[in-house]
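Enquirer: need a 3D model of the sequence below.
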Amino acid sequence: MDHSKHVVEHGMKMYFHASTKAVILFEKWNIDSWQGMLGSCAVIFIIAALYEGLKVFREMLLRRSSVSVSMKMISLPHFIQSLLHILQVVVSYFLMLIFMTYNIWLCLAVGLGAGAGYFLFSWKRSIVVDVNEHCH
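Expert: Below you'll find the model as predicted:
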């Protein structure tokens, strides 16, 4: 394997680039034009913004539920929080994998979408400090 070109055998670039061609997450999500890139960036921007909204929504649900020491593990609020946690983890890894394409347009869509989502949703937080993981 020749490492001098910084490309893995399947063609994935391991450096930041501005190509309009990319495969995003699934083989069927294959971009090969500026129109496709623009549309994909819009979708990714929305997903990243909604991801920030999901984090705030989970915090809001947790505050509204009557959490106490006597709360049972098998309860509807805990079940809902568990499902939302799964969704949050999956979406965060999808965003991380999209960023790891090293395509600057897709990276910008993730970053700007997360910033827009934080701006739109995080003002509702009672605590401003963001201690959630940032793996995307």
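Enquirer: contact partners for residue 53?
Expert: Residue 53 makes contact with 117, 120, 121, according to Cβ atoms under 8 Å, 6 or more residues apart in numbering. Where you see a C-beta, it was placed from the backbone N, CA and C, and this is true even at glycine.
Enquirer: what pLDDT does residue 67 get?
Expert: At residue 67, the model reports a pLDDT of 60.
Enquirer: same check, this time on the one 3 residues further on
Expert: In the prediction, the pLDDT value recorded for residue 70 is 60.
Enquirer: got it, and residue 133?
Expert: According to the model, residue 133 scores 61 on pLDDT.
Enquirer: can you tell me which helix in the chain is longest?
Expert: With secondary structure taken from DSSP state H, the chain has its longest helix at helix 34-64.
Enquirer: and that helix, how far from the chain's centre?
Expert: In terms of Cα atoms, centre = their mean, to the nearest Å, the centre of helix 34-64 is found 7 Å from the chain centre.
Enquirer: in it, what's buried?
Expert: 36-37, 40-41, 44-45, 47-52, 54-56, 58-59 (16 or more other Cβ atoms under 10 Å).
Enquirer: repeat that for stretch 87-101.
Expert: 88, 91, 92, 94, 95, 98, 99, 101.
Enquirer: of those residues, which is the nearest to residue 109?
Expert: For these, the closest approach to residue 109 (Cβ to Cβ) belongs to residue 98, at 7.8 Å.
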